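**Q** coords below, sequence missing:
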């Protein structure tokens, strides 16, 4: 009888120990995952710090160019005060607006005639169209129509 | 075609443009020959199929203002004088 009691006590102890062990092991696994999770956000953090750095690099070469152009031009007006009003005007055209100026005339040309369906009726508005000429060169209708007081458009066929 | 070329020359100094639109570009060789024979100097554009469904019968001629509004629509052949009168109305 005593042996049985001892056995049951021993079993109970073994079960309780194993249960405690499981409890101790399961919370132990979670911190392990959390620690692994903490490492993952740290890795994206490195590219994030790298990305803001990249725009700075291209920005760097640009500013020296403008500065190198700017400093000799700026130096001239200082030395020659009489020519000063003329020379600052030129760099403004050369530097800033030449890159944007060609874009501006192109945009209105394509957008002058509104896009839409073709309707060959008096009073209807002819939409913009771009077609190749007999030499294969694409020609926009706006480039002819908007530049002329009147445009005669003749539709024809060989048959 | 000779009439249009006549208009092109006669009204060139009045800022009138002439534009031909070829509705059957698949017969481009014939068109090239026709342009050569008639000696037209104004540009011809090859239709990509966007105009052809709207043109019933050739030749057809429209007169448009700088904003693309169609002022006149003429179907069939007309003389230089007839086209001239139409043009003068809008010049």
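**A** Yep, it's here. These numbers come from a predicted model, not from an experiment.
**Q** and chain B, is the longest strand seen in chain A touching that?
**A** What stands out as the longest strand in chain A, according to DSSP state E, is strand A:150-156. Yes: with Cβ under 8 Å from any Cβ of the partner chain as the threshold, strand A:150-156 lies in contact with chain B, specifically through A:150-156. All C-beta spots, glycine's among them, are computed from the backbone N, C-alpha and C.
**Q** quick check, nearest of those residues to residue B:50?
**A** Compare each of the residues of strand A:150-156 next to chain B with residue B:50 using Cβ to Cβ and the shortest gap goes to residue A:155, at 11.7 Å.
**Q** count of residues packed around that closest one?
**A** Here the neighbour count serves as a burial measure; for residue A:155 (other Cβ atoms under 10 Å in any protein chain shown) it reads 22.
**Q** which residues are in contact with residue B:84?
**A** Applying Cβ atoms under 8 Å, 6 or more residues apart in numbering or on different chains, we find residue B:84 in contact with B:7, B:10.
**Q** quick one, grab the pLDDT at it.
**A** Model confidence at residue B:84, expressed as pLDDT, equals 96.
**Q** now do residue B:30
**A** We have a pLDDT of 94 for residue B:30.
**Q** helix/strand/coil for the residue lying closest to it once chain neighbours are set aside?
**A** Using Cβ to Cβ, 6 or more residues apart in numbering or on different chains and skipping residues adjacent in sequence, the residue nearest residue B:30 is residue A:158, 4.0 Å away. Secondary structure state of residue A:158, per DSSP: H, G, I helix; E, B strand; the rest coil, is coil.
**Q** returning to that earlier point: could you export the residues of strand A:150-156 next to chain B as CSV, including pLDDT?
**A** Shown next, in CSV, are the residues of strand A:150-156 next to chain B (pLDDT from 0 to 100):
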residue, pLDDT
A:150, 97
A:151, 97
A:152, 97
A:153, 97
A:154, 97
A:155, 97
A:156, 95
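**Q** chain B contacts on chain A?
**A** Taking Cβ under 8 Å from any Cβ, the part of chain A that reaches chain B is made up of A:112-114, A:118-129, A:131-134, A:139, A:141, A:144-159.
**Q** try it again at 7 Å.
**A** Proximity of chain A to chain B (Cβ under 7 Å from any Cβ of the partner chain) is limited to residues A:113, A:118, A:120-126, A:129, A:131-134, A:139, A:144-146, A:148-159.
**Q** so residue B:9 belongs to a helix, correct?
**A** Yes: counting by three-state DSSP, residue B:9 is found in a helix.
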